[in-house]
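Participant: Sequence and predicted structure, then a few things I'm wondering about:
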Amino acid sequence: MLTLYYAPRSRATRALALTHELDIRDKIRYEFVSIPRIDGSGAPDGHNPHPDRKVPALVDGETLITESLAIMLYLTDMFPEAGLGPVAGDPQRGPYLTWLAYYAGVMEPVYNAQVAGVGDHPVFRASFRGVPEVEARLIAAFADGRPYLLGERLTAADLLVQSPYMWFPDGAPKDDKVKAWITRVAARPSYAWATVFEAEQEAAQAKAG
């Protein structure tokens, strides 16, 4: 059985939503762990197998998979019948991999740098670009009115790329089609389930502690 290590209201929320979208909750053991929070609360959890004690972390037998991109790719490849990740040979495999890598390699660094106020250095912009470039990429992607990044079907790329705007909606591109996509993904039953699941597990942990 697969084991997913998570913490509420963290980058693991999108991994929880993915397990719902894949309909594999009966194949997953969910392990609640503590993580350090920006406000100073929380602490590293010795039960967390992630080398940096971050979340999410996925264990499959003796195999440890960390980082959201890797976990999403691993799970969608493992359960291709769900259609959440185009398989090798599918013409959309390339765009799918591109969006996953673009999120991890560009979007996260750019938005984190913006929050930290350190994104204006020429070397940084040359390597990662900036918020205007990220917004332009998303606006161009949805200019044709498609509901999801790859067209008519939701993929794990949508869950990953949309996730920053779940926490910082004011940071979303000022574009009606992009905003509609953000709302569409946020309204998925998988996110409603993840929100309830996290709240229930957090309450259970508080009661036990």
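Facilitator: Done, it's in.

Participant: now what about the one helix or strand Val123 maps to, what contacts it?
Facilitator: Secondary structure assigned from DSSP states H and E places Val123 in helix 122-128. Helix 122-128 is touched from outside by 105-106, 109-110, 113, 118-119, with contacts defined as CB atoms under 8 Å, 6 or more residues apart in numbering. In short, each C-beta sits where N, CA and C put it, glycine included.

Participant: so after it, what's the next helix or strand?
Facilitator: helix 131-141.

Participant: hey, which helix or strand in the protein has the poorest pLDDT?
Facilitator: helix 122-128 (a mean of 73; mean pLDDT, DSSP states H and E).

Participant: Just give me how far that one sits from the chain centre.
Facilitator: Put simply, helix 122-128 sits 24 Å off its chain's centre (CA atoms, centre = their mean, to the nearest Å).

Participant: Alpha carbons of that helix, as PDB, please.
Facilitator: This file holds the C-alpha atoms of helix 122-128, laid out as PDB (Å, rounded to 0.1, in the frame of the first residue of the first chain):
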ATOM      1  CA  PRO A 122      19.200  40.400 -13.300                       C
ATOM      2  CA  VAL A 123      20.600  37.000 -12.700                       C
ATOM      3  CA  PHE A 124      17.400  35.800 -11.100                       C
ATOM      4  CA  ARG A 125      15.200  37.300 -13.900                       C
ATOM      5  CA  ALA A 126      17.500  35.800 -16.600                       C
ATOM      6  CA  SER A 127      17.200  32.400 -15.000                       C
ATOM      7  CA  PHE A 128      13.600  32.200 -13.800                       C
END
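
Participant: what comes up buried for that helix?
Facilitator: Residues Phe128 are the ones in helix 122-128 that count as buried (16 or more other CB atoms under 10 Å).

Participant: Can you give me every residue that contacts the residue nearest the centre of the chain?
Facilitator: Nearest residue to the geometric centre of the chain (CA atoms, centre = their mean): Leu160, 3.4 Å. Counting by CB under 8 Å, 6+ apart, Leu160 touches 14, 68-69, 72, 99-100, 103.

Participant: one more time with 7 Å, if that's ok
Facilitator: 14, 68-69, 72, 100, 103 (CB atoms under 7 Å, 6 or more residues apart in numbering).

Participant: Whatever helix or strand it lives in vs helix 131-141, what angle?
Facilitator: With secondary structure defined by DSSP H and E, Leu160 is part of helix 156-167. Angle of helix 156-167 versus helix 131-141, following axes from the mean of the first three to the mean of the last three CA atoms, to 10 degrees, is 130 degrees.
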